[in-house]
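A.B. asks: Have a look; sequence and predicted model below, questions after that.
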Amino acid sequence: MIENIENKKKEAIHRELDKVRKEGTNFSGKKYYHISLKEIKKIARKLQTRSREIEILALQNGVIPERYHRNLGILSPLEQVKMLQSKVAIIGAGGLGGTVLELLARIGIGKLIIADQDIMVESNLNRQLLSTESNLGQSKIEVAVKRVKKINSSIEIVGYSISVDSDNVKRIIEGAEVVIDALDNLPSRFVLQKACRDLKIPLVHGAIAGFNGQLSTIFPEDKGLELIYGRNKDLPEHGSELELGAPTITPAMIASWEAQEVIKILLKRGKLFRNKLLYFDIEEGMIEILNL
């Protein structure tokens with residue numbers, strides 16, 4: 001019975017798509033069918049279903065939502081479907097996490113989780129994409145959820161206004177296909193890595209300090225943070241970011257790399273920075289890739 005209902009809903013969506021799809025020509029002169037955000041929302045309201053479901057069925061049938069048109073070329077329609085069906089967790093909503101969140105929402109990751117206990121303060125304004133003068137004092141998570149809904153209303157986002165620890169981290173990230181480390185302290189990074197290992201989830205690690213940044217992708221069976229920082233029990237709580245600062249450009253660069261690693265993991269495409277450390281010093285114009 002449930003399967004029959006689902007099939008009838010899909011048939012109804014297909015009929016609506018056939019009515020409103022438009023033919024266009026892309027930049028290479030090739031014709032394609034597309035549908036506007038306005039029409040997607042109209043169909044969703046009429047059939048009482050989610051916009052994301054409309055987008056997925058459209059893409060599966062060669063009708064491109066206009067918001068994803070410029071993704072074509074690097075993503076096929078079916079790869080865009082994979083993005084919409086994926087779930088990614090971002091731990092930390094600061095300079096790294098806020099920018100990763102923005103990028104993943106725009107490329108169309110269908111389900112996002114974000115966790116951070118902090119509120120917006122003035123010192124965030126130099127680099128944190130989510131922060132504005134008008135939201136100072138507000139919860140970063142409340143701001144993050146509102147931002148995603150404004151960018152892409154088809155996306156599901158769940159926010160946790162808490163600091164991750166060994167008691168809650170698995171509950172937060174469970175079910176994610178990839179986890180982003182956008183934290184600012186070393187003990188929490190190791191807690192997150194252990195949870196990812198236990199749950200068999202790949203972890204994309206990023207960190208910045210001054211004009212220096214680093215990135216590595218860690219699969220559950222890999223030695224990861226231990227090879228970068230040493231043993232957890234020998235470490236200070238914070239790295240060198242407190243001393244060297246967090247200027248505007250550095251977190252945006254590492255966050256972009258982190259988002260790209262997520263896409264490669266989900267699509268099983270390209271070469272990951274797995275068992276490697278990408279390190280750069282943008283002041284000196286130096287980039288290194290170190291084998292771990």
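C.D. replies: Noted; the coordinates are in hand.

A.B. asks: Okay, helices next: where are they in the stretch 101-250 of the chain?
C.D. replies: Under the criterion DSSP state H, counting those that start in this stretch, helices of the stretch 101-250 of the chain are mapped to 140-151, 169-173, 186-199, 225-229, 241-244, 249-267.

A.B. asks: Just put these in a markdown table and tack on mean pLDDT and mean neighbour count.
C.D. replies: C-beta coordinates here come from the backbone N, C-alpha and C atoms, glycine included. A markdown table is the format used below for the helices of the stretch 101-250 of the chain (pLDDT from 0 to 100; neighbours: other CB atoms under 10 Å):
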| stretch | mean pLDDT | mean neighbour count |
| --- | --- | --- |
| helix 140-151 | 97 | 19 |
| helix 169-173 | 98 | 19 |
| helix 186-199 | 96 | 20 |
| helix 225-229 | 93 | 17 |
| helix 241-244 | 57 | 14 |
| helix 249-267 | 97 | 21 |
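
A.B. asks: Domains in the chain, by residue range?
C.D. replies: 2-78, 86-291 (automatic domain parsing).

A.B. asks: would you list every one of the strands in this protein?
C.D. replies: With DSSP state E as the criterion, the chain has strands at 22-25, 31-35, 63-65, 87-91, 111-115, 156-160, 178-181, 203-209, 212-218, 276-281, 286-291.

A.B. asks: picking up where we left off before, the domains of the chain: lowest mean pLDDT?
C.D. replies: For the domains of the chain, mean pLDDT drops lowest on domain 2-78, to a mean of 90.

A.B. asks: most tightly surrounded among the domains of the chain?
C.D. replies: domain 86-291 (a mean of 19; mean count of other CB atoms under 10 Å).

A.B. asks: How far does that one stretch from one end to the other?
C.D. replies: Using CA to CA, to the nearest Å, one end of domain 86-291 lies 29 Å from the other.

A.B. asks: Equivalent analysis for stretch 167-180, please.
C.D. replies: 19 Å.

A.B. asks: contacting residues around that stretch?
C.D. replies: Stretch 167-180 is touched from outside by 86-92, 96-97, 100, 113, 115, 160, 162, 164, 191-192, 195-196, 198-199, 201-204, 206, 258, 262, 265-266, with contacts defined as CB atoms under 8 Å, 6 or more residues apart in numbering.

A.B. asks: ok, so what distance separates residue 137 from residue 119?
C.D. replies: 6 Å (CB to CB, to the nearest Å).

A.B. asks: residue contacts, residue 133?
C.D. replies: Contacts of residue 133 (CB under 8 Å, 6+ apart): residue 125.

A.B. asks: what's the answer for residue 265, then?
C.D. replies: 177, 178, 202, 204, 217, 272.
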